[in-house]
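S.K.: Curious how this folds, go ahead:
(chains A and B)
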Amino acid sequence: MPVEAIASATGTTTMEITVSKFELLRELTATQGVVERKTTIPILSNYLFEAAGDKLSLTATDLDLSLRTSCNAKVKKEGACTIPARKLHDYVKLLPDADITIKLLENHWVSIRCGRSNTKMVGMARSNFPSLPTFPTAGVVKIPAQVLRGMIAKTGFAIASEESRYTLNGALMVLKPESMTMVATDGHRLSHIERAGTKFEGVSGEMKTLVPKKAMDELKSLLDSTDAEEIDFAKDESTLYFRIGSRLLTSRQLTGQFPNYEAVLPKDTTKSITVHGDDLAAAISRVAQFADERSRAVRMRLEKGELKLSASSTEMGESEDSIEIDYNGETLAIGFNAQYLLDFLKATGGGDVKLEFKDAQSAGQMRPAEGEEYKYRYIVMPMRI
Amino acid sequence: MPFSDFHGNSDVLHRLREMLARQHFPQAVILAGPAGSGKYTLALMLAKTMNCRAPTVTGGLPDFCGKCSNCTRIAQSEDLESRFAEAVEARDNLREADKKETRLFVQTHPDVLVVPPDPPQMMIKVDQVRRVIETIYFRPAEAKERVYIFSDSAFMKEAANSLLKVLEEPPEFATIFLLTENPGELLPTIRSRSMTVTLNALRGEEVELYLAKHRPDWTAKQRSLVARLSEGAVGRARRFDLAAYTAARQHALVILKSALNTSDHSELFKVTETYRAGAEGRDKTDNLLRTLYSLLQDLVMFLGSGTPELMRNTDIEGELRKLAESADFEWIASAADRLAEVERGMRRNLLRSLSLDAFAVALEKTGT
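M.R.: The predicted structure is shown next:
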């Protein structure tokens, strides 16, 4: 048994704090996403509470991802303990809005008192909790929170969920001194967004980071609920760090090379049309009802002055929609997975979109027709129809 | 406990440690050997050596300190049975909806994951392998190497196929150990992607020496008996439940005697009656069947091969000799066949006491 474990087993560690229910619950709710629900490794379903100074810090981890946050507390005795995360959250939710006193008892039991309610929960030894990486002091980059949030929303959906292609199970974030790019792909489609004009201090050359999908999802929900303008980003050999306000998200790094996506960005598209995003999304949704259920293939036909969308399946029948467009080139028929197109149209949120093609065998490109701030492009591989 | 605590198979150990020293350790290793030969212990020792914070050198080869935070946390997995029981309990305490999707793992160090067979089927399931695939490409957090130990080779078909994917292209910082009693049980495609290391059974005298050190509470005679019964596996020898074995053997003798000297059935029924249905009776029955086999084998040593020095139940030699007088080779052969039938019956959940009665009675007719 390690020395720390003996110390805590004999009850030499203490902790006693008082914290407001509102603040505690807010932080508990924010960290629930990281707590593993379906695990048989007991410590992972626990929070680590550490009290020092006038702060209580809470940590949850699933080993790949960890989230550390803190709230104000009156610390009577400094110390640390672990508490079952889910039960605590469920219980604190039901407490009245008042101060809660949390005290470490013998044998890792934790007492929680609030008003006339009194509860004791069974914790575990603090030494069982995985040790957490500490935020590096050098190489910290500030990223505007809303920029990052927008980029995640516009690329995250294209991340692969296939287990066999692990390097695609994340998005690539590229930081340059004056621009930031995020790319995600699952091999069938690729979402690429770039923003120039923001200065990133401390970045020289190109800083490429593969951000795991789990970290992206968690980051997004943290960004959704923050009013911080900038977040701190840093990384070392094994870990990525994102500090959002008083919360610190760390993720283990994925290994592997992100594919050379620049090679697939189409350069010689010859046909281009502009349509209203909402109209296009509505038309695709309608005809997709009649698409083959497995392939979800819809056919796009560019004709003079008209974009025809159609789909058919032997069981359901067939459907066609047409949209008026300004087009004078050759006729082109090309097939796409309806879901892939809809994902993009949803992420752009209405507005006019530009569709660019070369031929029926080459990837199609979609992008918002307006918007100088971001360079957002979406590349979809065609389907044989 | 450094490598010097590992008993036997010193050549295998030497080879593995040499690979560690040269940083040429294979990424996938099949550790084969009989139950109790130390496969799991060895895998953990190697995991510690890879990740020890204060690595030592013994005999010119890498070793581990056993005291640093990595070593001690990995060491917490050593008692696999308890960790496994804890995991099962943790799962039982989950909400109904989560239970179904939860798979068992033992992980006392963030970078060392032990994958035990998942009950009730006691096989490794595809979700367990998926978890390995999901996590293996993350860089190690507190250690240098991520280590995955599959403690059993009974894979569900899908799980085995899924494992192939990782074995094809594991990240450079990961090592996968597959422990098995029978490498043939693994897919040939898994075997071809891994290096097989076999732990051999030790000689009886070696096991006796080991027991003299670790089980001083047994008498020399008992140690010699256990050494012979544990088939060269020190782990099995150390954990050997002598009392249970002696009890099972007593019953086995009653059954055999009743079959060979058909006088009175009352004693037989008294014995078989205690083999009840239900989960708790299973181990007892398994023990009895195994003991019956071992007695039959000893009888063969007396009869067919004329090599009584190879017999294992040395302490009851006299009784066995008497039994051997009334048995013949054919009888033993048919008894072994029937015993196999009883075993099959057990898997189909036949009534235990009746199957044993039938076994004894059937042998009377074909016997003397």
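
S.K.: Quickly list the domain ranges of chain A.
M.R.: A:3-128, A:141-260, A:266-380 (automatic domain parsing).

S.K.: I'd like to know which of the ones you listed is closest to residue B:357.
M.R.: Closest to residue B:357 of those is domain A:3-128 (Cβ to Cβ; 41.6 Å). C-beta here means a position set from N, CA and C on the backbone, and glycine is covered the same way.

S.K.: quick one on the thing from earlier: tabulate the domains of chain A (a markdown table), appending distance to residue B:240 and mean neighbour count.
M.R.: Listed next are the domains of chain A as a markdown table, based on distance: least, Cβ to Cβ, whole Å; neighbours: other Cβ atoms under 10 Å in any protein chain shown:
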| stretch | distance to residue B:240 | mean neighbour count |
| --- | --- | --- |
| domain A:3-128 | 30 | 18 |
| domain A:141-260 | 42 | 18 |
| domain A:266-380 | 57 | 17 |
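
S.K.: How many neighbouring residues does residue B:153 have?
M.R.: Per other Cβ atoms under 10 Å in any protein chain shown, the neighbour tally for residue B:153 reads 23.

S.K.: can you check residue B:44 too?
M.R.: 24.

S.K.: does it belong to a helix or a strand, and which?
M.R.: Here residue B:44 is covered by helix B:39-51, with elements defined by DSSP states H and E.

S.K.: Do that helix and chain A come into contact?
M.R.: No: Helix B:39-51 does not reach chain A (Cβ under 8 Å from any Cβ of the partner chain); its nearest approach is 13.3 Å.

S.K.: need the residues of the stretch 51-200 of chain B near chain A, please.
M.R.: Checking the stretch 51-200 of chain B against chain A by Cβ under 8 Å from any Cβ, the hits are B:69, B:72-73, B:86-88, B:90-91, B:94, B:98, B:101-107, B:110, B:130, B:133-135, B:137-142, B:162, B:165, B:171-173.

S.K.: Swap in 6 Å and give it another go.
M.R.: B:72, B:87, B:90-91, B:98, B:101-102, B:104-105, B:107, B:110, B:133, B:137-139, B:141, B:165, B:171 (Cβ under 6 Å from any Cβ of the partner chain).

S.K.: So which of the residues you listed sit within helices?
M.R.: B:72, B:87, B:90, B:91, B:98, B:133, B:165 (DSSP state H).

S.K.: Among these, name the buried ones.
M.R.: Applying 16 or more other Cβ atoms under 10 Å in any protein chain shown to those, the neighbour count classes B:72, B:87, B:90, B:91, B:133 as buried.

S.K.: wait, residue A:168 sits on residue A:162?
M.R.: No: the pair residue A:168 / residue A:162 is not scored as a contact, 7.3 Å apart, by Cβ atoms under 6 Å.

S.K.: Counting by contacts, list what the helix holding residue B:44 packs against.
M.R.: helix B:69-75 (3 or more Cβ pairs under 6 Å, 6 or more residues apart in numbering or on different chains; DSSP states H and E).

S.K.: Show me which helix runs longest in chain B.
M.R.: Per DSSP H, chain B has its longest helix at helix B:280-302.

S.K.: which residues sit against it?
M.R.: B:248-249, B:251-252, B:275, B:307-308, B:310-313, B:320, B:324, B:327, B:332, B:335-336, B:339, B:343, B:352 (Cβ atoms under 6 Å, 6 or more residues apart in numbering or on different chains).

S.K.: Select only the buried ones of these in PyMOL?
M.R.: Entered in PyMOL, the line below selects the buried ones among those, by 16+ other Cβ under 10 Å:
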select buried, chain B and resi 248+249+251+252+275+311+312+313+320+324+327+332+335+339+343+352
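
S.K.: Enumerate the residues of the stretch 1-150 of chain A near chain B.
M.R.: Counting by Cβ under 6 Å from any Cβ, the stretch 1-150 of chain A sits next to chain B at A:2, A:37, A:38, A:40, A:41, A:42, A:63, A:64, A:130.

S.K.: ok, now how distant is residue B:43 from chain A?
M.R.: 19 Å (Cβ to the nearest Cβ, to the nearest Å).

S.K.: And for that residue, the neighbour number?
M.R.: Neighbours around residue B:43, by other Cβ under 10 Å: 24.

S.K.: and if you look at the one 3 residues further on?
M.R.: The local packing of residue B:46 (other Cβ under 10 Å) involves 26 other residues.
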